[in-house]
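1. Okay, sequence plus prediction incoming.
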Amino acid sequence: MEAAAIVTIIAVVVVIAVLVVYLVAVILELRKINSGLDVVIGSVGEIVGKSAPVNDIVSAIDADLDGGSDLLEGLLEKKAGTEDAAGLIESVFPGGGAAMVARRGRRGPVKNIDEVYTRGAVQLARLGRESPLGAGALSGAALRDASASSAAARALYAEPGGGSTKPRSPTIGTGAPEVYSPNEEIGAPRKRRPPPAQPRQRRPPPTEPWAPRE
Amino acid sequence: MIVWWIGNAVLLLVIAPVVVYLLRGVLNAARSIVPKVETIAKVAGSASKDLDGVELLHATQRQVRETVATVQDYGGSLDVILDDA
C-alpha cells in the first residue's frame, strides 16, 4: 500500500473520531436540556393550572365591588344632591369626584366643597343631626351659610373661641417679630401673650342660623 | 500522486480543523443552554409556589360578596334614616 493511501486513511479516521467525540458530547448535553425542559414544562403546567381561574374570579370581584360602589354613589347622590355628592367625594378622595361625574355620564367641573366647609364639618352636617351645621332641617337646599359657616366649623374643634391666648408659631428669618433665643428658652415653658383688653367682637348670630337659603 | 498528497494535506490542515471548530461551537452552545434551563426550572418552580395563594381568591370573592351585602344593608338603613337632598 502506498504511503499516501495510509495517510488518507489515518486522516479520515481522525476526522471521524473527532466527529464521534464531539457529537456524543452534544448528545449528552441535549439529553440534559431535555430533562431540564421536562421539569420546566411540569412547573409551567402548574402555573397555567393555578392561574386559570384568576381572570374569572378577579372579574367577579371587580363586578361585586362595582356594584357596591354604584350603590354607595347612588345613595350619596340621592342624599347629598347631584353636585354636592361629587364635590364631597372630591374633597375626601382627590380625583374621585371627577371620576364619579364621568361614571355618571355627566360633564363639567366638580364643585369644590372645601371652599366652604371643612371635610369633617360637611360630613357631620350631612350625617349628624347633633352637629352644629346639621342642627337645622336636612331637607331642601344644601346646608350652607357662607357668612358663618367657617366659625361654626371651627367651633367643632379644640379652643372654639379661637385660641387667642396662644401665640402663633414663630416666624423664622431676619424679619421675625420674635427671635427665639436657645440660650434662654430651652426647657422653659412656652411664652403666653397677655389676654386682650377687650374680647373680640363676634358677629351676632342670625335668628335662624341654619335655615336653608332661599 | 502529487494530487493525492495535496488532498491529504488539505484534509488534515483545513478540513479537520474546520470540523473541530464547528463541532466545538455546537458543543459550547449546547453546554450554555443547560444552566439556563436549570435556572428556568427553578424559577418556574418558585413561581408555581407563589401561585399557591391564588386559591385564597375564592375566599376573597366570598368575603367581598358578604361585605357588599353588608354595605347594602347599611345603605338601606341610611336611606331610611337620612332625608333626601
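-> Everything's here; your move.

2. measure residue A:1 to residue A:10 for me?
-> 12 Å (Cβ to Cβ, to the nearest Å). All C-beta spots, glycine's among them, are computed from the backbone N, C-alpha and C.

3. ok, and does whichever strand or helix holds residue A:16 reach over to chain B?
-> With secondary structure defined by DSSP states H and E, residue A:16 is part of helix A:3-51. Yes. Contact of helix A:3-51 with chain B (Cβ under 8 Å from any Cβ of the partner chain) involves A:4-5, A:7-8, A:11-12, A:14-15, A:18-19, A:22-23, A:25-26, A:29-30, A:32-33, A:36-37, A:39-40, A:43-44, A:46-47, A:50-51.

4. packing partners for that helix?
-> Secondary-structure packing of helix A:3-51 (3 or more Cβ pairs under 8 Å, 6 or more residues apart in numbering or on different chains; DSSP states H and E): helix B:2-10, helix B:16-50.

5. and the angle from that helix to helix B:2-10?
-> 30 degrees (axes from the mean of the first three to the mean of the last three Cα atoms, to 10 degrees).

6. now helix A:3-51: mean pLDDT?
-> Taken as a whole, helix A:3-51 has an average pLDDT of 92.

7. now stretch A:62-79
-> 89.

8. buried stuff in it?
-> A:64, A:68, A:71, A:72, A:73, A:75, A:76, A:77, A:78, A:79 (16 or more other Cβ atoms under 10 Å in any protein chain shown).

9. for residue A:86, what are its contacts?
-> By Cβ atoms under 8 Å, 6 or more residues apart in numbering or on different chains, the contact list for residue A:86 reads A:97, A:98, A:100, A:101, A:110, A:111.

10. Out of those, which is nearest to chain B?
-> Nearest to chain B out of the contacts of residue A:86 is residue A:111 (Cβ to the nearest Cβ; 13.0 Å).

11. What's the local residue count around the closest one?
-> 21 (other Cβ atoms under 10 Å in any protein chain shown).

12. do the helix or strand that contains residue B:79 and chain A meet at all?
-> Using DSSP H and E, residue B:79 sits in helix B:56-81. Yes. On the criterion Cβ under 8 Å from any Cβ, helix B:56-81 is in touch with chain A at B:57-58, B:60-61, B:64-65, B:67-68, B:71-72, B:75, B:78-79.

13. which residues are contacting stretch A:20-32?
-> In contact with stretch A:20-32 (Cβ under 8 Å, 6+ apart) are residues B:20, B:23, B:24, B:26, B:27, B:30, B:31, B:33, B:34, B:37.

14. Dump those residues to TSV, plus pLDDT and neighbour count.
-> Below are the contacts of stretch A:20-32 laid out as TSV (pLDDT from 0 to 100; neighbours: other Cβ atoms under 10 Å in any protein chain shown):
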residue	pLDDT	neighbour count
B:20	93	16
B:23	93	17
B:24	93	13
B:26	94	14
B:27	94	18
B:30	93	18
B:31	92	15
B:33	93	16
B:34	92	17
B:37	92	18
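
15. related to what we said a few turns ago, which among the buried residues of stretch A:62-79 are in contact with chain B?
-> Answer for the buried residues of stretch A:62-79 near chain B (Cβ under 8 Å from any Cβ): A:64, A:68, A:71, A:72, A:75, A:78, A:79.

16. about what we covered before: reformat the helices and strands packed on helix A:3-51 into a markdown table and put distance to chain A next to each item.
-> Formatted as a markdown table, the helices and strands packed on helix A:3-51 follow (distance: least, Cβ to the nearest Cβ, whole Å):
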| stretch | distance to chain A |
| --- | --- |
| helix B:2-10 | 4 |
| helix B:16-50 | 3 |
